[in-house]
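Asks: Here is my input; please provide its structure:
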Amino acid sequence: MAALGTRWLGAGLASLLAVVTIGLALTGRLQLYINPAQAWFTVGMAVLVLAGAVWSFSLPLGAESEHGHDHGADLAHDVDADHGAAHRPRRMARGASAAFVAVGGVAASAVAVAALVLPPASLSVELAMDRDTGTPPLFAGADEVVLGAADTSAFGVGEWSSVFATATNPDAYTGQEITLTGYVAPADGSDGGLRLGRLVITHCVIDAQPASIPVSVAADAAGDYPVGEWIEVQGVVTADAAGALAIQPETITVVEEPEDPYEY
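Replies: Take a look at the predicted model:
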């Protein structure tokens, strides 16, 4: 029984998670957890894990611990024979360790089975707002900072958030047409308006950073778009007298949450 448990905690759980990973990739849902650019590496590692698990079945059940068990048993026998009751705490520690491993195994099994059974889900808008510190995301979703980019046609909320926060020449961006989709984030201050937000992922959901940009609408109009609702904004980039950039919307359309709600 112990040998079977050891095999499950090793090859069994690893295989289960590898199958889940490959299944998510085949159904196009792996991007809910990692940057699509990292998918090839993740899937490759999952295939290697499955290959190793298959190879592990060529070993007799219990072979994983045979070598260490024999020497451990001999050493424990010698120590107990020499020192008797003085080493009872050591035996108690081994028992406690076994209990800890058992509890950990149950917890790990529960997580792995949940990953297999439960449908994948994106991070919530509420979590994004909890993480929002008002600062633009680091690197705006990329590993390299690109300065002086002339073509903003492919910019998302993350890139525009960095531009709005750091632009030293606002006139270079004013008048540019923009179409962006994101969730409604709380506006800063009491001057009305709303903010368009999106979660930006560099590698995986663990490093997800919220980004948001201001949309210039009247306070009463902003009330038509509750926080957390997804909208598409079409408009132009404008700058106020102080040089602060914002989107002057031409249309604001309520939309469903995108199948892939993140930017990368």
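
Asks: residues contacting the closest residue to residue 33 other than its chain neighbours?
Replies: In this structure, residue 33 finds its nearest non-sequential neighbour in residue 205, 5.6 Å apart by Cβ to Cβ, 6 or more residues apart in numbering. For the C-beta atoms, the positions are set from N, CA and C on the backbone; glycine is no exception. Counting by Cβ atoms under 8 Å, 6 or more residues apart in numbering, residue 205 touches 32, 33, 34, 123, 262.

Asks: Mind pulling up the pLDDT for residue 205?
Replies: pLDDT for residue 205: 79.

Asks: all helices for the stretch 101-250 of the chain, in order.
Replies: According to DSSP state H, counting those that start in this stretch, the stretch 101-250 of the chain carries its helices in the segments 125-131, 157-166, 219-222.

Asks: Return the set of buried residues in the second one.
Replies: In terms of neighbour count (16 or more other Cβ atoms under 10 Å), helix 157-166 has its buried residues at 157, 158, 159, 160, 161, 162, 163, 164, 165.

Asks: what's the answer for stretch 166-182, then?
Replies: 167, 170, 173, 176, 178, 180, 181, 182.

Asks: just for the stretch 51-200 of the chain, where's the confidence low?
Replies: For the stretch 51-200 of the chain, the stretches with pLDDT under 70 are 59-150, 188-192.

Asks: give me that answer again for 80
Replies: For the stretch 51-200 of the chain, applying pLDDT under 80 flags the ranges 53-151, 186-193.

Asks: Endpoints of stretch 237-253, how far apart?
Replies: Using Cα to Cα, to the nearest Å, the end-to-end distance of stretch 237-253 comes to 18 Å.

Asks: coming back round to it: out of the buried residues of helix 157-166, which one sits closest to residue 23?
Replies: Using Cβ to Cβ, residue 158 is the member of the buried residues of helix 157-166 that lies nearest residue 23, at 28.7 Å.

Asks: That closest one reaches residue 210, doesn't it?
Replies: No: using Cβ atoms under 8 Å, residue 158 is not in contact with residue 210; the gap is 9.4 Å.

Asks: Skipping adjacent residues, who's closest to residue 185 in space?
Replies: residue 197 (3.6 Å).

Asks: which ones are touching residue 262?
Replies: Here residue 262 is in contact with 31, 32, 122, 123, 198, 199, 200, 201, 205, 208 (Cβ under 8 Å, 6+ apart).

Asks: Inside strands: which ones of these?
Replies: 198, 199, 200 (DSSP state E).

Asks: quick one, domains of the chain?
Replies: 2-117, 125-263 (automatic domain parsing).

Asks: Which parts of the stretch 101-250 of the chain are strands?
Replies: Applying DSSP state E, counting those that start in this stretch to the stretch 101-250 of the chain gives strands spanning 177-185, 194-200, 209-215, 230-239, 245-254.

Asks: In TSV: the ones you listed, plus distance to residue 223.
Replies: What follows is the strands of the stretch 101-250 of the chain, written out as TSV (distance: least, Cβ to Cβ, whole Å):
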stretch	distance to residue 223
strand 177-185	11
strand 194-200	9
strand 209-215	13
strand 230-239	13
strand 245-254	13
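
Asks: which of the buried residues of stretch 166-182 sit farthest apart?
Replies: Top of the distance list for the buried residues of stretch 166-182 (Cβ to Cβ): 170 and 181, 23.7 Å.

Asks: Test my guess that residue 217 contacts residue 248.
Replies: No: counting by Cβ under 8 Å, residue 248 is not a contact partner of residue 217; they are 9.1 Å apart.
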